[in-house]
Structure formats: C-alpha cells, structure tokens
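Undergrad: generate coordinates for the sequence data below:
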Amino acid sequence: MERRPFGKTGLEVSVLGFGGAELGFNDGVTDEKVAALLHPAIDAGLNVIDTASAYLGSEQLIGRALVGRRDRVHLFTKCGATDGFSRSDWSKAGIRAQLEQSLRALKTDHVELLQLHSCGVDVLERGEAIEALEALKREGKTRFIGYSGDAERAVWAATSGRFDALQTSINVADQLVLEQALPLAKKANLGVIAKRPVANVAWKSGATPPDNSYHSTYWQRLRELDFEFTKRPSSEAVEIALRFTAFQPGVCTAIVGSSSPGRWNENAALVAKGPLPAAELEPIRRRWAERAHVSWVGQQ
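TA: Numbers count the residues shown, from 1 in each chain. Purely as a prediction, here's the structure:
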C-alpha cells in the first residue's frame, strides 16, 4: 500500500485509510468481526484508522481489536460532538473529558490526531475549542490537531494557521471542495483526509431514495448528475469513484468504512491501480461543471 506524507506532520499515511463510523452504528458488529476486518488490512499496509467520540461503540471496538497492534497504526479520533451526535460540548473541560474517555476506549495513552468534529465557524472563531486541542497537544495526549467539516468551515480551518490536518468530504458528488478548501489546505501543507470518498455508493439505491438520510443528499445529486460510470457494474463504478477521490491533488488519505471483512483489502487493490486516466476523469469534472448547483456544498 502506497504511503504519502501527511502534510507538515512528518507522518507517513496509507493512501487508503479506514473509517470507523459504521462500526459504531451497526448493532451486528462483534469483536471477532472487527478483528477479522482490521487485522488483515493492517497486515496489507493499512496504517490510518479514523473514529470519533460520536460514533457510539466504535472506539471501544477498535481499541480491543488493536491490542498488540497499536504501534502499527496512526489513530485519529474526533471530539466535541459525542454520544451518537445527540449532544456536543466545545468547552475546554468537555473536550478534555471526551479525549480522556476516548483514550480509555482505544486502550492507548495518546492519539496521532485529535479533530474538532464539525463545529460551526462561530465555535472556531471563539477559540476555546482550538485552545483545548492545543493544550492537549502540548501535553502529548495527541501528536497533532485538526478539523473535520465542510464548506465555509473547512475553508476557515484551512486558512486559520491553527491546525495540522483537515478532514472534509471529497467525492464525485462533492466537487466544490476541489476549488475551495482543498487547494487552500494543500497550500498550508495540511494533512488532508478525504471522507465519504465513494459518495456512500448512493447511486446503488436506484430509483428509490435511501432510507438513511445520511445517504439521501448524495442520491439526489447523483440522480441529477447522471454520471455514465454509475451505470457500470458495481465493482467498476466503485473503482472509478474511489480513484477519482484518492488521487486529487492534496489528498493524503481517503477513509472508507465497512463492517465487511475483506472489503478494505478489495478497495486497496482498486487504489493500487493509480490515478484515473483523463478519459475517465474529465467527463466527471465536466458533468459537475454543467449540472452542479451552487448550493451543493460539503456534507456533515
């Protein structure tokens, strides 16, 4: 698995990372399944695992799976939003308490990256939440600090000079970022994490909107964009979408979540094919320019 520099941090990260959200929100996930999912992936070169306090039991599952393997991965987590996004706390005390809980769950004394989880510009401008992260960084509880979010909030974070990393939505249905936050993050030498890199594979829902509201916005966009590649067999369409995102200039790692053992390794084989040829890339960019709405900003 290819490794890339993670901005100014000095870390080297696998071009394909693992996102832990699905683990926390899927009641059928067991310790055995997470071990079967993560252990072969780590052996194949995975070294970025991203999770969050808000992802219910995700941190606990990952922490147990990494016993004996912690030194082989970079652990990224998020704070502020918590308890399944049912509440948030952007105070210094609240953020510190959340990280302490995350460290216990992950069975470690530090994480490589601690990120503010989708707070608004108002919270960023007040500064208390960022100061909390900076204090935890000085104490060694996190090596680096970042922001996870989209649209104008991602632009603020990319130009603030306060963060080491930015996590934001980048995919075929979220391309405005390619002209806005992503070039700014690259200029600032931030480590960039592309979330939702395959747009939740929302095109697979066909003519019926998905029940999951997290997927429905992309489903609607993809219906209007009507990309040719989404009509191909599923494996080909996923490959094109994933390679589109993973090789955008400035992207360091693209995180894909799954609760299916073997899926990360399958996706890694797709990424190993390298950047999309111009014949595949240019129609996707051209269709976006022709049909995208100005309101189609990044998703939470």
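
Undergrad: can you pull out the helices in the chain?
TA: Counting by DSSP state H, residue ranges of the helices within the chain are 21-24, 31-43, 58-65, 92-106, 121-126, 128-138, 151-159, 181-187, 213-225, 234-246, 263-271, 278-291.

Undergrad: out of these, which comes closest to residue 77?
TA: In terms of Cβ to Cβ, the element of these nearest to residue 77 is helix 92-106, at 5.1 Å. For glycine as for every other residue, the C-beta is placed from the backbone atoms N, C-alpha and C.

Undergrad: alpha carbons of that closest one, as PDB, please.
TA: Taking Å, rounded to 0.1, in the frame of the first residue of the first chain, the C-alpha atoms of helix 92-106 are listed here in PDB:
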ATOM      1  CA  LYS A  92     -12.100  23.100  27.300                       C
ATOM      2  CA  ALA A  93     -13.300  20.800  30.100                       C
ATOM      3  CA  GLY A  94     -15.700  19.000  27.800                       C
ATOM      4  CA  ILE A  95     -13.100  18.300  25.200                       C
ATOM      5  CA  ARG A  96     -10.500  17.200  27.700                       C
ATOM      6  CA  ALA A  97     -13.100  14.800  29.300                       C
ATOM      7  CA  GLN A  98     -14.000  13.400  25.900                       C
ATOM      8  CA  LEU A  99     -10.400  12.700  24.900                       C
ATOM      9  CA  GLU A 100      -9.700  11.000  28.200                       C
ATOM     10  CA  GLN A 101     -12.700   8.800  27.600                       C
ATOM     11  CA  SER A 102     -11.500   8.100  24.000                       C
ATOM     12  CA  LEU A 103      -8.100   7.200  25.200                       C
ATOM     13  CA  ARG A 104      -9.500   4.700  27.700                       C
ATOM     14  CA  ALA A 105     -11.700   3.200  24.900                       C
ATOM     15  CA  LEU A 106      -8.900   3.000  22.400                       C
END
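
Undergrad: which elements pack onto that helix?
TA: helix 58-65, strand 74-79, strand 111-117, helix 128-138 (3 or more Cβ pairs under 8 Å, 6 or more residues apart in numbering; DSSP states H and E).

Undergrad: mind running it again at 6 Å?
TA: Applying 3 or more Cβ pairs under 6 Å, 6 or more residues apart in numbering; DSSP states H and E, we find helix 92-106 packed against helix 58-65, strand 74-79, helix 128-138.

Undergrad: separation between the closest residue to residue 174 other than its chain neighbours and residue 226?
TA: Using Cβ to Cβ, 6 or more residues apart in numbering and skipping the chain neighbours, the partner closest in space to residue 174 is residue 298 (5.5 Å). Counting by Cβ to Cβ, to the nearest Å, the gap between residue 298 and residue 226 amounts to 21 Å.

Undergrad: higher neighbour count, the two?
TA: residue 298 (23 against 11; other Cβ atoms under 10 Å).

Undergrad: for that one, what are its contacts?
TA: 150-151, 168-169, 174, 177 (Cβ atoms under 6 Å, 6 or more residues apart in numbering).

Undergrad: 8 Å instead?
TA: By Cβ atoms under 8 Å, 6 or more residues apart in numbering, the contact list for residue 298 reads 149-151, 154, 168-169, 174, 176-177, 181.

Undergrad: shaky segments in this structure?
TA: Where the chain drops to pLDDT under 70, the residues are 299-300.

Undergrad: just to revisit the earlier point, ok, now how distant is the residue nearest to residue 174 from residue 81?
TA: As for residue 298, its distance to residue 81 is 16 Å (criterion: Cβ to Cβ).

Undergrad: residue 270 and residue 225, how far apart?
TA: Where residue 225 is concerned, residue 270 sits at a distance of 21 Å (Cβ to Cβ).

Undergrad: among these two, which residue is more densely surrounded?
TA: Taking residue 270 and residue 225 together and counting by other Cβ under 10 Å, residue 225 has the greater number of neighbours (21 against 18).

Undergrad: if we can go back for a sec, nearest to residue 28 among the helices and strands packed on helix 92-106 would be which one?
TA: Among these, the nearest to residue 28 by Cβ to Cβ is helix 58-65 (11.8 Å).
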